[in-house]
Each structure stands twice: as structure tokens, then as C-alpha cells.
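**Student:** Kindly return the folded structure for what I paste below:
(one chain, ligands or ions: 1)
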Amino acid sequence: MTKNQGRVAVIGAGIAGLAAARALQDAGRSVIVWEQNATAGGRIGTRAFTAPNGARVLFDDGAQNIKSDGTALDDAVAALQNKPHQAFISAPVGLHHNGRILPGDEASNAARKWSCRGGLAQLPQSLADEVDVRFNTAISALRENARDINLLDASGDMLDTAAHVIITAPAPQAADLLDASVWRDGESTCAATERIALLRGVEYSRCLSVLLFFTVSCDDDSWYALLARDREHPLLWLARENAKGFVPQNKGTALVAQLGHAASTELWDEPDERIAAQTAHWIAEILGPDFASPQWSAVTRWRHSQPRNTIDFEVVNPPGARVLICGDGTARGRAPDAYDSGLKAAQRVIVTA
Ligand SMILES: Cc1cc2nc3c(=O)[nH]c(=O)nc-3n(C[C@H](O)[C@H](O)[C@H](O)COP(=O)(O)OP(=O)(O)OC[C@H]3O[C@@H](n4cnc5c(N)ncnc54)[C@H](O)[C@@H]3O)c2cc1C
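**Tutor:** Model prediction:
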């Protein structure tokens with residue numbers, strides 16, 4: 001047995017990668033997670049802003065909330081030693097249509113939703129606490145050998161060697177990584193080619209996530225967020241972060257607006273100020289003229305926001321694969337499903353060891 005046999009490398013410290021790493025670690029496997037960013041979470045993130053009135057305000061700029069309905073992620077959170085304080089959201093999600101606020105879907109509102117008191121980013125941070133994550137390190141290519149797989153950086157330097165590699169990047173990025181990799185001749189190369197084609201078939205929506213702070217208060221607890229009834233409306237989702245307790249009482253209003261794919265694509269290259277001004281215009285049509293001019297705004301661009309279609313985990317991960325692909329491209333564009341996909345990948349490694 002070579003030194004690295006049994007070692008697993010996970011690429012990405014989003015929710016899928018953290019699920020995989022923790023499950024492998026629980027099964028007694030040695031795991032390193034490689035993350036290109038400085039923090040864990042991927043598409044789960046939180047931004048903080050201190051308003052001129054001194055109020056510290058939070059915005060979840062990626063995933064908005066977690067639906068709690070008996071998922072494996074619920075169980076994991078309950079069992080965490082360093083459990084984040086969950087902020088349950090009691091107000092419902094409504095709809096907006098022609099500038100009016102309408103009731104939302106009852107069934108969808110029945111499931112409990114939560115973020116964390118310090119922002120949803122606390123969830124991946126807590127999950128990452130007991131895992132060996134190497135931050136600020138992008139993996140640019142893999143090199144397959146007879147017994148193991150090397151992980152290479154952009155200069156071609158070898159960072160790690162593992163028996164199994166789990167890739168959790170959004171499907172198009174996973175395809176690029178496989179494409180840049182060196183496979184052994186024959187079957188292995190063919191399998192990689194087929195997997196790349198499958199991964200390239202997964203399309204993601206773009207999303208401009210626009211964060212806006214207004215000095216005027218909107219403590220209307222009849223709604224937490226509004227979804228566009230006409231899904232073609234550019235303002236697809238409008239969330240009031242006050243409903244999560246992210247703004248001190250009577251200290252203003254924090255809104256997260258997510259633009260739909262078409263509007264996000266159209267405005268993608270525009271300056272942040274113009275995107276925010278246009279978004280505030282759409283918001284004012286619903287909430288009134290007080291919301292036409294934010295005191296502060298910021299824009300997060302999600303090129304791969306959520307998958308519009310997915311591929312089956314079993315199809316893209318043929319039996320015996322030593323490089324496994326998971327993440328929401330193989331599940332659904334929801335954090336609990338991405339988490340499940342990480343567990344599946346870990347299970348594959350555990351049973352084939
Ligand atoms: C705007 C928005 C709103 C959303 N709203 C919700 C919601 O309300 N509820 C919900 O459940 N879900 C929501 N989602 C979806 C949810 O956030 C994702 O499905 C989930 O977080 C995906 O997790 P993941 O681990 O599969 O991928 P990611 O979170 O994308 O994690 C992949 C990680 O891999 C890293 N990485 C990629 N390539 C490399 C490389 N080569 N080397 C090293 N690191 C690499 C990335 O930096 C990233 O950290 C939303 C997503 C967005 C963008």
C-alpha cells in the first residue's frame with residue numbers, strides 16, 4: 001500500500017464538498033479540501049455593511065435560506081459541535097405582480113426556513129471547522145497515474161496526491177477541470193471525454209444579486225420575500241433581510257434583489273451603480289417611492305447561480321471512477337440537495353475502498 005492510498009482530495013469547500021469531506025472523515029479517511037477562495041461556502045455567502053446610523057446590517061448574497069424539512073443537512077446541523085445559531089424566518093414568501101403584493105404558495109410556505117443569526121455563511125463555516133481546508137488554492141488540473149491522482153496548480157506544480165478526487169465545482173467548471181487534466185491512455189481518456197460532454201450539457205442561470213440598504217424602515221412582517229408571479233419579470237426575488245433579524249429594529253431596511261437570468265445577462269457588464277439604480281426602480285414600483293434611492297448598494301455576480309437542468313449522479317460517475325463529480329449540477333440548485341450529492345460521492349469512495 002502506498003502512502004497516499006486511501007487519501008481523498010476534495011475540490012471545493014461549498015456545501016457539497018464539506019458534506020463529502022466530513023462523511024469521509026467520519027469513516028476514518030484522511031481528507032484535504034482544496035478551495036480557491038479565502039472562505040468556505042461557495043454560493044452560500046454573507047456580506048456585512050455598517051450604516052452611517054451605526055447599524056450593522058447583514059445580507060445573504062447567495063443562497064437565501066435553507067428549507068428545513070427533514071433533510072440530511074438538518075441532521076448534520078443538529079449534530080454540529082459548533083452549531084450556528086439558526087435564525088428561523090416566520091414571515092411567509094409572497095408574490096409580486098403588476099406592483100401589487102399577493103399571497104404566496106401555502107404548501108411552499110409550510111416548510112420552515114432559516115438562515116443564521118450571523119448570516120447564512122455561518123453554516124459552511126461551522127461545517128468547515130473540523131475539516132482540513134486549504135484556502136486560496138485553485139486546482140487547475142489532475143494527472144492520473146496507475147495508482148493515484150495528482151492535483152496540480154496553475155503552474156503545473158503538484159499540490160497533492162490522492163487515491164480518489166471529488167470535484168464539487170459547478171458542472172461547466174468541473175468540465176473545464178477534466179478537460180485540462182491528463183488521463184492515462186485508453187478507456188480512461190474515453191470516459192473523461194464522455195463525462196466532459198455530459199457536464200457541458202448542464203446549463204446554469206446567471207444571477208445578479210443586488211444588495212440595497214434604505215434608511216426608511218419596512219418592518220412589515222406580513223412578508224419575508226416576494227417572488228415574481230410572472231417569472232419573466234426582471235425582479236425575480238426580493239427578500240427583506242429584516243425578517244431574519246439582520247437589521248436592528250427601526251434602523252432601516254436591507255433588501256436582497258435577485259434578477260432573473262435574462263435581466264442578469266443583459267445587465268451583467270453594466271457598472272454596479274447602474275444595476276442598483278435600475279433594481280431600485282423596480283423595487284419602488286412595488287414598495288413605493290421611498291425605495292427609489294438606496295443609501296448603500298452592492299452587486300454580487302453569480303455566473304453559475306443555479307442549474308436549469310441536471311445530470312444524474314450515477315450516469316456521470318460510472319462504476320469504478322476514481323474522480324467523482326458531485327455538487328448541485330448532479331442534484332438540484334438547492335443547498336440541502338447539493339449537500340446530499342456530497343454524501344453520495346463520499347459513500348461511493350467508502351464502499352469502493
Ligand atoms: C443567488 C443564489 C440564490 C440561491 N438561493 C438558494 C436558496 O434560497 N436555498 C437553497 O437551498 N439554495 C439556494 N441557492 C443554491 C445553493 O446556493 C447551491 O445549490 C449550493 O450552495 C451549491 O453548493 P455546491 O457545493 O454544489 O457548489 P458551490 O457552492 O459552488 O461550491 C463549489 C466550491 O468549489 C470551489 N472551486 C471551484 N473550482 C475550484 C477549483 N478549481 N479549485 C478549488 N476550488 C474550486 C468554489 O470556489 C466553491 O467554493 C442559491 C444560489 C444562488 C447563487
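**Student:** Please list the residues of this protein that sit near the ligand.
**Tutor:** 11-17, 34-37, 42-44, 62-66, 138-139, 168-170, 173, 177, 207, 209, 258, 302, 305-306, 327-328, 333-336, 338 (Cβ under 6 Å from any ligand atom). For the C-beta atoms, the positions are set from N, CA and C on the backbone; glycine is no exception.
**Student:** which of those count as buried?
**Tutor:** Listed as buried from these are 11-17, 34-36, 42-44, 62-66, 139, 168-170, 173, 177, 207, 209, 258, 302, 305-306, 327-328, 333-336, 338; burial here means 16 or more other Cβ atoms under 10 Å.
**Student:** Just the ones of the residues you listed in strands?
**Tutor:** Taking DSSP state E as the definition of strands, these contribute 11, 34, 66, 207, 209, 258, 302.
**Student:** and these, which two are the farthest apart?
**Tutor:** 34 and 258 (28.9 Å; Cβ to Cβ).
**Student:** Would you indicate which residues of stretch 249-264 are buried?
**Tutor:** Going by 16+ other Cβ under 10 Å, stretch 249-264 has these buried residues: 251-261, 263-264.
**Student:** quick one: average pLDDT of that stretch?
**Tutor:** Mean per-residue pLDDT for stretch 249-264: 96.
**Student:** what sits against residue 145?
**Tutor:** Contacts for residue 145 (Cβ atoms under 8 Å, 6 or more residues apart in numbering) come out as residue 184.
**Student:** if I look at it, how far off is the ligand?
**Tutor:** Look at residue 145 and the ligand: by Cβ to the nearest ligand atom, to the nearest Å, they are 20 Å apart.
**Student:** what about that residue, distance to residue 200?
**Tutor:** Plainly put, residue 145 is 26 Å away from residue 200 if you go by Cβ to Cβ, to the nearest Å.
**Student:** same check, this time on residue 62
**Tutor:** 23 Å.
**Student:** Which residue, other than its chain neighbours, is closest to the most centrally placed residue in the chain?
**Tutor:** For the chain, the residue lying nearest the average C-alpha position, counting by Cα atoms, centre = their mean, turns out to be residue 43 (2.5 Å). The shortest distance from residue 43 to any residue other than its chain neighbours is 4.3 Å, reached at residue 62 (Cβ to Cβ, 6 or more residues apart in numbering).
**Student:** how about that neighbour, phi and psi?
**Tutor:** phi -110, psi -120 (degrees, to the nearest 10).
**Student:** picking that back up, show me the contacts for the residue nearest to the centre of the chain.
**Tutor:** So residue 43 contacts 14, 62-63, 302, 305 (Cβ under 8 Å, 6+ apart).
**Student:** Show me the two of the buried residues of stretch 249-264 that sit farthest apart.
**Tutor:** Farthest pair in the buried residues of stretch 249-264, by Cβ to Cβ: 251 and 261, 33.5 Å.
**Student:** and residue 85, how many residues sit next to it?
**Tutor:** Residue 85 has 9 neighbouring residues, counting by other Cβ atoms under 10 Å.
**Student:** got a pLDDT number for the closest residue to it other than its chain neighbours?
**Tutor:** Excluding the flanking residues, the one nearest residue 85 by Cβ to Cβ, 6+ apart is residue 117, at 4.2 Å. Residue 117 is assigned a predicted lDDT (pLDDT) of 97.
**Student:** cool, the one 10 residues further on as well?
**Tutor:** Model confidence at residue 127, expressed as pLDDT, equals 97.
**Student:** and if you look at residue 219?
**Tutor:** Looking at residue 219, its pLDDT stands at 65.
**Student:** Same check on residue 175?
**Tutor:** 98.
**Student:** could you dump the helix or strand bottoming out on mean pLDDT in the chain to CSV, C-alpha only?
**Tutor:** None of the helices or strands of the chain scores lower by mean pLDDT, DSSP states H and E than helix 187-200, at a mean of 90. Only the C-alpha atoms of helix 187-200 are listed here, as CSV (Å, rounded to 0.1, in the frame of the first residue of the first chain):
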residue,chain,number,x,y,z
GLU,A,187,-10.6,3.7,-21.5
SER,A,188,-9.8,6.4,-19.0
THR,A,189,-9.4,9.1,-21.7
CYS,A,190,-12.7,8.0,-23.4
ALA,A,191,-14.6,8.1,-20.1
ALA,A,192,-13.3,11.6,-19.4
THR,A,193,-14.4,12.7,-22.8
GLU,A,194,-17.9,11.4,-22.2
ARG,A,195,-18.1,12.9,-18.8
ILE,A,196,-17.0,16.3,-20.1
ALA,A,197,-19.7,16.2,-22.7
LEU,A,198,-22.3,15.4,-20.0
LEU,A,199,-21.1,18.2,-17.7
ARG,A,200,-21.1,20.7,-20.6
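**Student:** Cool, thanks, signing off.
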